[in-house]
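Engineer: Here is a sequence with its predicted model. Questions after.
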Amino acid sequence: GASAAKSLPFAPGAALFGHVCYFVSILLLSSAKWKNTVEAWRSWQSLFVGSIGVAVALGWWADAPAMPATAIAFILLWLLLKEVELESGASTFKVGVQLATAFILLRYMAVNSDQVWAIFDPQNLYA
């Protein structure tokens, strides 16, 4: 209707400050750098993984390409975060594995740039 047409220019901004900021926040809160109890840390991990599942399900159900794209990108970032947080002692091998993991993540995002840009696609979400 008319109200949807009026809100169309704001749809990409809503995507950025909607689901993208939500996943950035949850990703940061799931980091071990926050001084939480073990129970709180487990709760943040569960919330992150559950949010990924909901995003994928919502994307498939509503035919919203932004949600599965966001889920894929943020699950990769979450796995990189967990690799960086892994406490196996400081060594050249650990740093090498972390750099290789970051390179693979960046390479995936560069090769699949359409997947990355789909994160900001407001189709069937905000438009």
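Structural biologist: Nice, thanks for sending it over. Numbering: from 1, shown residues only.
Engineer: Would you list the phi and psi of the residue nearest the centre of the chain?
Structural biologist: The residue lying closest to the centre of the chain (C-alpha atoms, centre = their mean) is Phe74, at 2.2 Å. Per-residue torsions, Phe74: phi -80, psi -30 (degrees, to the nearest 10).
Engineer: That one and Asn36, how far apart?
Structural biologist: For Phe74, the distance to Asn36 (C-beta to C-beta, to the nearest Å) stands at 20 Å. (C-beta placed from N, C-alpha, C; glycine too.)
Engineer: Same check on Ala11?
Structural biologist: 35 Å.
Engineer: Pro122 in helix, strand or coil?
Structural biologist: Under DSSP: H, G, I helix; E, B strand; the rest coil, the three-state class of Pro122 is coil.
Engineer: same question, Ala90
Structural biologist: coil.
Engineer: between Ala11 and Asn36, which one's more packed in?
Structural biologist: Each of Ala11 and Asn36 has its neighbours counted (other C-beta atoms under 10 Å); Ala11 has more, 18 against 15.
Engineer: Just give the closest residue to the residue nearest to the centre of the chain, not the sequence neighbours.
Structural biologist: Among residues not flanking Phe74 along the chain, Phe23 sits closest, at 4.5 Å (C-beta to C-beta, 6 or more residues apart in numbering).
Engineer: That neighbour and Val54 touch, don't they?
Structural biologist: No. Taking contacts as C-beta atoms under 8 Å, Phe23 lies outside contact range of Val54: 11.1 Å.
Engineer: With neighbour numbers in mind, choose between those two.
Structural biologist: Phe23 (22 against 12).
Engineer: helices and strands around the longest helix anywhere in the chain, which ones?
Structural biologist: Ranked by residue count, the top helix of the chain under DSSP state H comes out as helix 38-62. When contacts are defined as 3 or more C-beta pairs under 8 Å, 6 or more residues apart in numbering; DSSP states H and E, helix 38-62 packs onto helix 21-29, helix 66-85.
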